[in-house]
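Peer 1: pasting the sequence and the predicted coordinates here, then a few questions.
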Amino acid sequence: MAEQKQTKQKRPIIDMDIHERVTYDELLPYLDNPWQRYIKDTNWVQEKHLPYPILGAAGLDRADAQVPDGRPAGNDLSFLQQQLLDDVGHEAGILTGAGDPSPSSMNGWYEMAVALATAYNDWQIENWLEKDDRLYGSVHVAAQDPASAVREIERVGSHPKMVQVLLPIDDRPWGDPYYHPIFEAAERHNLIIGMHHQEPPNYYGKFPRYFVEWHSVMPNTHMIQVSSMIFNGVFEKYPNLKLAMIEAGFTYIPAFMKKMDQQYKVLRHEVPWVKRMPSDIVKDHVRVTTQPVDELTRDEFLKFIDLMGSDEIVCFSTDYPHWDYDSPFRALPPLGEDLEKKIFAENARKLYPKLPERKVTQ
Amino acid sequence: MKEVVCKKEELSPGNIMSAHVGPIPIVLCRTPDGEFYAFTNKCVHQGAPMSEGVLCGAPAPTDTPGEYHYEKEGEVLRCPWHGIEFDIKNEGRMIVDSNRKLGNFNVSFEGDDVVVSTKK
Ligand code: FES
């Protein structure tokens, strides 16, 4: 690959989706008892539910992303630096890994979910955030127990490298007032809300028959969350709160803005606390990642941006090291210097209040 | 451009390896029936190194939902990233879109040497 790297033009990138990976063994030192003993004595790992293989060459991950010593992809900082951060020229990368499923997706046993979220955050800070100045982190919480989630945000949310609270997309629409304390705490700590799908992928936790179906309809599950947040009045109540929808691409957004505006015009009386057009709320509060991007020509890409009425909604992400990784060099068509700057870095920089200013050398 | 990239026995049937022809990175594939095929080591989708992928087969198109016929064992090169399938015996064309294909090279032999050359 050496030849390929040299010919590539590095560009400043803020990558909104990088998956670091933990093993339960690595979490043990960060867990108190009895949690540590429950895992150790019973060899407990949470169940993974995916009922089909992912038909890339190596399952969930890029086949070339496995750590050379055999550890799973995303498990080693220096290999990640070498394969992703140094190669591409990342200015910043936001870590979005989580337990699998994430603590917020655990059914019942909230006490263990809380313990796992706490352990994960400490592990993340020590092993990633404090070891590479380009990496920023996500606060993991057990959101099904909002009081515990707020406590965890209070505990680690003010870490200078923690930039968002990560909520999984599965069977809970997060706009429900039950979860609002989480948003209040996030806003208070200068954190945004990041949402990323987790298994089970669809509303009500059902799987479609084929993986290709799920991967095709991921935007649906993101739409459920965006409309839930908007129509439950989250952004009216927390005017400084921002939402990042990670890993459903962006092409669904223009149609969804039109759809929500139309519904709002006729059904506003049901949600009188919403005082702006949904499309305006999206423009002010919601950002989406490019990945997994559809193959688009420059013209097609620009039309989508045009229909959104804003070139500040779309932000770049790679989803490294997963199989549907998007290359910073090849995933997007040439879009012109201004728009490329915004999509690859500046839109994300505006989104996360805790990211540093643009470096003058770049 | 023309280059000896390896000895025949250095690549056993059903395997792939990376190599170079001059400065060009290639992926050399050997099908289970012993034939050699060479392509540019760069996926036409987003540029992944094809030599990190797998040589496998693929289910043939069928007329009935739920029916599978696995075929072309060892003749399909699956990209290490998004898993797009390329039919190596059909000029490295994508199975889903035969208009797109990997860059092709000629393979010939000089004794035990495998010689790969750019197509004219
Ligand atoms: S880079 Fe090969 S399938 Fe995408």
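Peer 2: Everything's here; your move. Residues are numbered from 1 along each chain as shown, chains lettered A, B, ... in the order given.
Peer 1: mind pulling up the pLDDT for residue A:9?
Peer 2: At residue A:9, the pLDDT value in this model is 60.
Peer 1: nope, residue A:60 is what I was after
Peer 2: For residue A:60, pLDDT reads 88.
Peer 1: look up how far the ligand lies from it.
Peer 2: Counting by Cβ to the nearest ligand atom, to the nearest Å, the gap from residue A:60 to the ligand is 15 Å. C-betas here are computed from N, CA, C, even on glycine.
Peer 1: enumerate the residues of chain A near chain B.
Peer 2: Counting by Cβ under 8 Å from any Cβ of the partner chain, the residues of chain A close to chain B are A:1, A:3-4, A:54-58, A:62-64, A:295, A:323-327, A:329-331.
Peer 1: and the buried ones among those residues, selectable in PyMOL?
Peer 2: In PyMOL, a selection of the buried entries from the residues of chain A next to chain B looks like this (16 or more other Cβ atoms under 10 Å in any protein chain shown):
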select buried, chain A and resi 1+54+55+56+57+58+62+63+64+323+324+325+326+327+329+331
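Peer 1: tell me what the helix or strand that residue A:214 is a member of is packed against?
Peer 2: Per DSSP states H and E: residue A:214 is located in helix A:211-231. Secondary-structure packing of helix A:211-231 (3 or more Cβ pairs under 8 Å, 6 or more residues apart in numbering or on different chains; DSSP states H and E): strand A:162-169, strand A:192-197, strand A:243-246, helix A:253-267, helix A:278-285, strand A:286-289.
Peer 1: at 10 Å instead, please
Peer 2: strand A:162-169, strand A:192-197, helix A:234-237, strand A:243-246, helix A:253-267, helix A:278-285, strand A:286-289 (3 or more Cβ pairs under 10 Å, 6 or more residues apart in numbering or on different chains; DSSP states H and E).
Peer 1: given the strand ranked longest in chain B, what are its sheet partners and their directions?
Peer 2: Secondary structure of chain B per DSSP state E: the longest strand is strand B:70-78. With DSSP bridges as the test, strand B:70-78 is paired with strand B:54-59 (antiparallel), strand B:85-87 (antiparallel).
Peer 1: closest one to the ligand among these?
Peer 2: With Cβ to the nearest ligand atom as the measure, strand B:85-87 is the member of those nearest the ligand (8.8 Å).
Peer 1: any buried residues in the closest one, and which?
Peer 2: Along strand B:85-87, these residues count as buried under the neighbour rule (16+ other Cβ under 10 Å): B:85-87.
Peer 1: just stretch A:115-127 next, same as before
Peer 2: Under 16+ other Cβ under 10 Å, the buried positions of stretch A:115-127 are A:115-125, A:127.
Peer 1: one more: stretch B:69-82?
Peer 2: Using 16+ other Cβ under 10 Å as the test for burial, stretch B:69-82 gives B:72, B:74-82.
Peer 1: can you tell me which of those residues is closest to residue A:237?
Peer 2: Residue A:237 has its nearest neighbour among the buried residues of stretch B:69-82 in residue B:82, at 40.1 Å by Cβ to Cβ.
Peer 1: ok, now how distant is the closest one from the ligand?
Peer 2: From residue B:82 to the ligand the distance is 3 Å (Cβ to the nearest ligand atom).
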